[in-house]
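Participant: Sharing a sequence plus its predicted fold:
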Amino acid sequence: MFTGTTRSLKELNPEIQAISVQPDSPFHGLEGLKHMATSIVPAIYDPFAADRDLELKTEAACAIARQLAREEGLLVGIPAAATVAASVQIAREEVATGRSAVIVSVLPGSADKYLRERFWEEA
């Protein structure tokens, strides 16, 4: 999804910055996301599509998933929460440098498969 979307958006506007989100380690809980340095690379993967690869801790994504559910009423999965956590990090970086930006994050999936887990209990 990232590669194709990035290519299409950059055709429309070459100034767009596309930032990929990856787990920060090979042993992570970001189901559906790959730690590219240690994964089998899919044939569709284009290492040049992203302008930046942002590494994210599993715990950051889980915290955002809980926050989105409790405060915003958005029941998203861990990979979707990872994209929001990355967007928040990027927004903070932009503010710190005095720049403004429009940040778009795709939320690929809901939290329906996490509903029965102890995931929602406070740690």
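Facilitator: Arrived safely.
Participant: what ranges of the chain fall below the confidence cut-off?
Facilitator: Low-confidence segments of the chain, defined by pLDDT under 70: 26-29, 35, 38, 114, 116-120, 122-123.
Participant: Can you give me every residue that contacts the residue positioned nearest the centre of it?
Facilitator: Nearest residue to the geometric centre of the chain (CA atoms, centre = their mean): residue 83, 2.2 Å. Counting by CB atoms under 8 Å, 6 or more residues apart in numbering, residue 83 makes contact with 21, 105, 106, 107, 108. (Each C-beta comes from the backbone N, C-alpha and C, glycine too.)
Participant: Quick one: the helices in the chain, in order.
Facilitator: Here the chain has its helices, by DSSP state H, at 2-12, 58-67, 78-96.
Participant: In JSON lines: those, plus distance to residue 31.
Facilitator: Listed next are the helices of the chain as JSON lines, based on distance: least, CB to CB, whole Å:
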{"stretch": "helix 2-12", "distance to residue 31": "16"}
{"stretch": "helix 58-67", "distance to residue 31": "10"}
{"stretch": "helix 78-96", "distance to residue 31": "6"}
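Participant: Perfect, I'm done here.
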